[in-house]
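Asks: Take this sequence and fold it.
(2 chains)
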Amino acid sequence: MVYPRREILDPQGKAIASALSRLGFATVEAVRAGKSFEVELRADDQAGAEHILSDMGRRLLANPITEDFWFELEEAEP
Amino acid sequence: MRAGVVVFPGSNCDHDVYHVLAHVLAQPVDWLWHESSDAGGCDLIVLPGGFSYGDYLRAGAMAALSPVMAAVRRHADRGGLVLGICNGFQILLESGLLPGAMLRNRDLRFSSRDVHVRVERNDLPFTRCCEVGQVLRMPIAHAEGNYVHSEAELDRLEANRQVVFTYVDPRGALDDAANPNGSARAIAGICNEAGNVCALMPHPERAAEAVLGNVAGLWLFQSLLAGVAAGVGAGAAEVLR
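Replies: Numbers count the residues shown, from 1 in each chain, chains lettered A, B, ... in the order given. The predicted structure is shown next:
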């Protein structure tokens, strides 16, 4: 998951929030718009997979100046 | 001045830049294909505007990893001149050759219109024919030109005099209404610390011929010509030859 950093203004999220409230979702407080990626990869173990994904996030999937990223691991069927 | 114009899949201002350099200024120009790992013997490399790799992931993110960018980095490390225009600016940010990042324009719109920028320094090969404070009217055409960095890094950028162009009103005064995209500190163009890599969001190549009704962009290209003639960036060409 890649999301704009908290301190960064997210005009896209703001526009979506105001569209939701126009639709009548009056309880919407805030929306942040991000991206998600599904990456299938081979790794020896969980630590190995975490290491690879951190590296990917830092070097390509997220821009560290404007975005934060995190990930969830799921073991694929053998 | 031998110039190289990089062509990425999705570049769309490459021919405009080529035209200005080759036909308006009568300089030798090479195309540098994105898969090429050699920048030849260029004095100047231009990263043109467009939508390299379809702006996939983030504008400039994919192009920053293309083979030609390794050659551009070597050229820059040797003191060679690099000019990034619009998408070229985004690519230089994503590749780390210039500091900072771009967000979507604050109004979320693609903005295509003339803006005014003020030249903040003229001790660079990119602006040496300009006056400090000179106002240039040039077109912009982008959706992600909202320059951002941390406050500390913005302070550093200003302290290092790396802000080269600022969005201003036609009289040269700062005015939030004259900032077309919400850029921090109205930044329209910056350079690296060494001053040999420079990029801006406006398109000087679209304002470089009288027939187009605007020649403001020629100030930059003439500056580069004069800079190269004075030996700036020549070191890189020597090493590469």
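
Asks: Now do the contacts for the residue of chain B found nearest chain A.
Replies: Relative to chain A, the nearest point of chain B is residue B:101 (4.0 Å; CB to the nearest CB). C-betas here are computed from N, CA, C, even on glycine. By CB atoms under 8 Å, 6 or more residues apart in numbering or on different chains, residue B:101 lies in contact with A:63, A:65, A:66, B:93, B:94, B:147, B:148, B:149.

Asks: Tell me if I am right that the fourth one is in a strand.
Replies: It refers to residue B:93. No. Secondary structure of residue B:93 (DSSP: H, G, I helix; E, B strand; the rest coil): helix, not part of a strand.

Asks: Quick check: buried residues in stretch B:83-97?
Replies: Under the neighbour-count criterion of 16 or more other CB atoms under 10 Å in any protein chain shown, stretch B:83-97 has B:83-95, B:97 buried.

Asks: what separates that stretch from the chain centre, distance-wise?
Replies: 7 Å (CA atoms, centre = their mean, to the nearest Å).

Asks: Is there any residue in that stretch that contacts chain A?
Replies: Yes. Stretch B:83-97 reaches chain A (CB under 8 Å from any CB of the partner chain) through residue B:94.

Asks: Let's have the buried residues of stretch B:83-97 in CSV, adding distance to residue B:6 and pLDDT.
Replies: Converted to CSV, these look like this (distance: CB to CB, whole Å; pLDDT from 0 to 100):
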residue, distance to residue B:6, pLDDT
B:83, 10, 98
B:84, 10, 98
B:85, 11, 98
B:86, 13, 98
B:87, 10, 97
B:88, 8, 98
B:89, 13, 98
B:90, 13, 98
B:91, 9, 98
B:92, 11, 98
B:93, 15, 98
B:94, 14, 97
B:95, 12, 97
B:97, 13, 98
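
Asks: and the contacts of residue B:101 as TSV, adding distance to residue B:221 and secondary structure?
Replies: Conversion of these to TSV gives the following (distance: CB to CB, whole Å; DSSP: H, G, I helix; E, B strand; the rest coil):
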residue	distance to residue B:221	secondary structure
A:63	31	coil
A:65	30	coil
A:66	32	coil
B:93	22	helix
B:94	25	helix
B:147	23	strand
B:148	28	strand
B:149	28	coil
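
Asks: Considering those residues, which is situated nearest to residue B:200?
Replies: Top of the list for closeness to residue B:200, among those and by CB to CB, is residue B:147 at 10.3 Å.

Asks: right, and that closest one touches residue B:100 too?
Replies: Yes. Between residue B:147 and residue B:100 there is a contact at 5.8 Å, judged by CB atoms under 8 Å.

Asks: between these two, what contacts are shared?
Replies: Contacts common to residue B:147 and residue B:100, judged by CB under 8 Å, 6+ apart, are residue B:190.

Asks: Have a look at these two and say which one is more surrounded.
Replies: residue B:147 (27 against 21; other CB atoms under 10 Å in any protein chain shown).

Asks: Could you check the pLDDT of that one?
Replies: Note on residue B:147: pLDDT of 98.

Asks: Please determine how far it is located from residue B:180.
Replies: Using CB to CB, to the nearest Å, we find residue B:147 at a distance of 11 Å from residue B:180.

Asks: Identify the contacts common to those two.
Replies: In the contact map built from CB under 8 Å, 6+ apart, no residue is linked to both residue B:147 and residue B:180.

Asks: send the alpha carbons of stretch B:163-179 over as CSV?
Replies: Taking Å, rounded to 0.1, in the frame of the first residue of the first chain, the C-alpha atoms of stretch B:163-179 are listed here in CSV:
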residue,chain,number,x,y,z
VAL,B,163,15.9,28.1,-7.0
VAL,B,164,16.4,29.4,-10.5
PHE,B,165,12.9,30.3,-11.6
THR,B,166,9.9,31.4,-9.5
TYR,B,167,6.3,31.8,-10.6
VAL,B,168,5.4,35.5,-10.4
ASP,B,169,2.8,38.0,-11.9
PRO,B,170,3.7,39.8,-15.1
ARG,B,171,5.3,42.6,-13.1
GLY,B,172,7.6,40.1,-11.4
ALA,B,173,5.9,40.1,-8.0
LEU,B,174,5.1,37.0,-6.0
ASP,B,175,1.4,36.4,-5.9
ASP,B,176,-0.3,33.1,-5.0
ALA,B,177,-2.7,33.6,-8.0
ALA,B,178,0.3,33.6,-10.3
ASN,B,179,1.4,30.2,-9.0
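
Asks: Pull the contacting residues for residue B:232.
Replies: Residues in contact with residue B:232 (CB under 8 Å, 6+ apart) are B:81, B:125, B:196.

Asks: Could you grab the helix/strand/coil label for it?
Replies: Under the three-state scheme (three-state DSSP), residue B:232 adopts coil.

Asks: Mind pulling up the pLDDT for it?
Replies: Per-residue pLDDT puts residue B:232 at 73.

Asks: So, low pLDDT: which residues of chain A?
Replies: For chain A, no stretch has pLDDT under 70.

Asks: Name the residues of it found near chain B, please.
Replies: So chain A meets chain B at A:4, A:8, A:9, A:11, A:12, A:15, A:60, A:61, A:63, A:65, A:66 (CB under 8 Å from any CB).
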